[in-house]
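Asks: With the sequence up front, the predicted model follows.
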There are 2 protein chains.
Amino acid sequence: MLTAMSLRQRKQQRAREQIVDAAFALFAERGFADVTVADIAERAEVGRTTFFRYFGDKQEVVFSDEQAIIDDWIGRYRALPPTTDVPAVMARLREFTIALCHEMTADAEHYVLHETLLADNPELYDRATRKFQRLVGAMSAELRERGVPEPAATLAPQVALACYRTGRHTAGLDPAALPGAVAAAFEQLTEFVPRNHALPPGTGTRMD
Amino acid sequence: MLTAMSLRQRKQQRAREQIVDAAFALFAERGFADVTVADIAERAEVGRTTFFRYFGDKQEVVFSDEQAIIDDWIGRYRALPPTTDVPAVMARLREFTIALCHEMTADAEHYVLHETLLADNPELYDRATRKFQRLVGAMSAELRERGVPEPAATLAPQVALACYRTGRHTAGLDPAALPGAVAAAFEQLTEFVPRNHALPPGTGTRMD
């Protein structure tokens, strides 16, 4: 029974991958707007019914890994020892964000196609924006649950997203540049705070 | 001739305001989805042609002040003496963001209706997200033009947006709480940076 289940699961996984690969190949050839679900199903050698078993529409194929990424992040964060120390939380989010950039750009060609699709299709761009807001919301919920007080629990993932967006802007369409550009944005955060802010309370002197 | 122009401009301004007021009244009564452009035009006592002279669709009415707010922000920023000092730029963005929160909530009833519409209609929520990204993009362009180096020019407005979003989350639907909640989020940023980061280069000791 267990073997039968895994066989079915492997088949499902393969059908899903075939659909995603076929869709991205077609988007690259013809552009997102000119590809139909029927085209994708035909290229993937599956029926339309099979397509709709896995995806609601062709937009969903572009974000096929969305829930997996969110679950994976939350799972990895839960595996870390708990901390409510705000700089420590921020340092973790920095590591997570840079790791995500490495994962997103591991397949450089796929990454460039994905980014080009978003730039050319406002509805995909909106969908990507919602995806990142969901990820940020899920991280905030996790931080709150682990005792990080407000507003830090809400703000820290939002600031991580700000650093990701900034790095994405400066790296442009160069996948190799993305992780470093995002790291530079996090580094830049330290410049935002006037130096005297960081003195221990009560010393009352400026260092600059 | 000048008088004739101003008279026409005043008429246009009045028609625009009538449309916006009528639309918000109808949205409050029936919900966004159940209001048509014809309904809005009828309530505003203008023709459909007049409606479409000012707005592309009923979504646009919800964001009627979008371009004015962007132009206003950029104009106000240009009026300040130039600076490329990153903490000074961030302090300005903080003031601007809090001032914007005061403006957005000046009409408390309108603010609550606007926020409720966004919460209930994903397409309006997406549109609002795009609006803030446009504002952030315009501020970044302005900072770049005034000599603020990258990545600060891109990051600073993104971080201001992160603080706005955080304040909006903690304030909930209470308009009076928004400016203070956003100020608290900016204040929280100082906690994100490990203290030793703020020491002058070369001292090499931790303060905590």
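Replies: Cool, got the structure.
Asks: pLDDT averaged over the longest helix along chain A, what's the number?
Replies: Scanning chain A for the helix with the most residues, using DSSP state H, yields helix A:2-30. Summarised as a single mean, pLDDT over helix A:2-30 is 84.
Asks: Give me the helices and strands touching the helix or strand following it, please.
Replies: As assigned by DSSP states H and E, the chain's next helix or strand after helix A:2-30 is helix A:37-44. Applying 3 or more CB pairs under 8 Å, 6 or more residues apart in numbering or on different chains; DSSP states H and E, one finds that helix A:37-44 contacts helix A:2-30, helix A:48-54, helix A:58-62. Backbone N, C-alpha and C define where each C-beta goes, glycine included.
Asks: how big is the angle separating helix A:37-44 from helix A:2-30?
Replies: Using axes from the mean of the first three to the mean of the last three CA atoms, to 10 degrees, the direction of helix A:37-44 lies 120 degrees away from that of helix A:2-30.
Asks: what separates helix A:37-44 from the chain centre, distance-wise?
Replies: Mean-position distance between helix A:37-44 and its chain equals 26 Å (CA atoms, centre = their mean, to the nearest Å).
Asks: quick one: low-confidence ranges for chain A?
Replies: For chain A, applying pLDDT under 70 flags the ranges A:1-5, A:194-208.
Asks: What segments of chain A are helices?
Replies: A:2-30, A:37-44, A:48-54, A:58-62, A:66-78, A:86-104, A:108-120, A:122-145, A:152-171, A:178-192.
Asks: out of the ones you listed, nearest to residue B:30?
Replies: Closest approach to residue B:30 among the helices of chain A is made by helix A:122-145 (25.5 Å; CB to CB).
Asks: Is chain B within reach of the closest one?
Replies: Yes - contact of helix A:122-145 with chain B (CB under 8 Å from any CB of the partner chain) involves A:126, A:129-130, A:133.
Asks: again with stretch A:93-100
Replies: No - Stretch A:93-100 is not in contact with chain B by CB under 8 Å from any CB; minimum separation 9.5 Å.
Asks: Give me the distance between that stretch and the centre of its chain.
Replies: Its chain's average C-alpha position is 10 Å from that of stretch A:93-100, according to CA atoms, centre = their mean.
Asks: before we move on, the earlier item: any buried residues in the longest helix of chain A, and which?
Replies: Using 16 or more other CB atoms under 10 Å in any protein chain shown as the test for burial, helix A:2-30 gives A:15-16, A:18-20, A:22-24, A:26-28.
Asks: I'd like the residues of helix A:122-145 next to chain B laid out as CSV, including neighbour count.
Replies: Converted to CSV, these look like this (neighbours: other CB atoms under 10 Å in any protein chain shown):
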residue, neighbour count
A:126, 19
A:129, 17
A:130, 16
A:133, 16
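Asks: which of those residues lies closest to chain B?
Replies: Ranked by distance to chain B (CB to the nearest CB), these are led by residue A:126 at 4.5 Å.
Asks: Isn't residue A:19 up against residue A:40?
Replies: Yes - if you go by CB atoms under 8 Å, residue A:19 and residue A:40 touch, sitting 6.3 Å apart.
Asks: and residue A:93, what does it touch?
Replies: A:139, A:156-157, A:159-160 (CB atoms under 8 Å, 6 or more residues apart in numbering or on different chains).
Asks: if we go to 10 Å?
Replies: Residues in contact with residue A:93 (CB atoms under 10 Å, 6 or more residues apart in numbering or on different chains) are A:73, A:77, A:136, A:139, A:143, A:156-157, A:159-161, A:163, A:186, B:192.
Asks: Distance check, residue A:96 against residue B:64.
Replies: The spacing between residue A:96 and residue B:64, counted by CB to CB, to the nearest Å, is 39 Å.
Asks: Report the backbone C-alpha coordinates of stretch A:108-120 in CSV.
Replies: What follows is stretch A:108-120, C-alpha atoms only, in CSV (Å, rounded to 0.1, in the frame of the first residue of the first chain):
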residue,chain,number,x,y,z
ALA,A,108,19.9,31.1,-14.1
GLU,A,109,18.0,30.7,-17.4
HIS,A,110,14.7,29.9,-15.6
TYR,A,111,15.2,32.9,-13.3
VAL,A,112,15.8,35.3,-16.3
LEU,A,113,12.7,34.0,-18.0
HIS,A,114,10.6,34.3,-14.8
GLU,A,115,11.7,37.9,-14.3
THR,A,116,11.1,38.8,-17.9
LEU,A,117,7.6,37.3,-17.7
LEU,A,118,6.9,39.5,-14.6
ALA,A,119,8.3,42.6,-16.3
ASP,A,120,6.1,42.1,-19.4
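Asks: What residues of that stretch count as buried?
Replies: By 16+ other CB under 10 Å, the buried positions in stretch A:108-120 come out as A:110-111, A:113-115, A:117-118.
Asks: Which of those sits closest to chain B?
Replies: Of the buried residues of stretch A:108-120, the one sitting nearest to chain B (CB to the nearest CB) turns out to be residue A:118, at 12.7 Å.
Asks: my read: that closest one touches residue A:59, true?
Replies: No - applying CB atoms under 10 Å, one finds residue A:118 not in contact with residue A:59, separated by 11.1 Å.
Asks: Common neighbours of these two, please.
Replies: Common neighbours of residue A:118 and residue A:59 are listed as A:32, A:124, A:126-127 (criterion: CB under 10 Å, 6+ apart).
Asks: Quickly name whichever of those residues is closest to chain B.
Replies: For these, the minimum distance to chain B (CB to the nearest CB) is 4.5 Å, reached by residue A:126.
Asks: for the residue nearest to that closest one when sequence neighbours are not counted, what are its contacts?
Replies: Residue nearest to residue A:126 in three dimensions, not counting chain neighbours: residue B:126, with 4.5 Å by CB to CB, 6 or more residues apart in numbering or on different chains. With contact taken as CB under 10 Å, 6+ apart, residue B:126 is in contact with A:122-123, A:125-127, A:129-130, B:59, B:118.
Asks: Now the residues you listed in JSON lines, please, with extra columns for distance to residue B:52.
Replies: Compiled in JSON lines, the contacts of residue B:126 are given as follows (distance: CB to CB, whole Å):
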{"residue": "A:122", "distance to residue B:52": "21"}
{"residue": "A:123", "distance to residue B:52": "23"}
{"residue": "A:125", "distance to residue B:52": "26"}
{"residue": "A:126", "distance to residue B:52": "24"}
{"residue": "A:127", "distance to residue B:52": "28"}
{"residue": "A:129", "distance to residue B:52": "28"}
{"residue": "A:130", "distance to residue B:52": "29"}
{"residue": "B:59", "distance to residue B:52": "13"}
{"residue": "B:118", "distance to residue B:52": "24"}
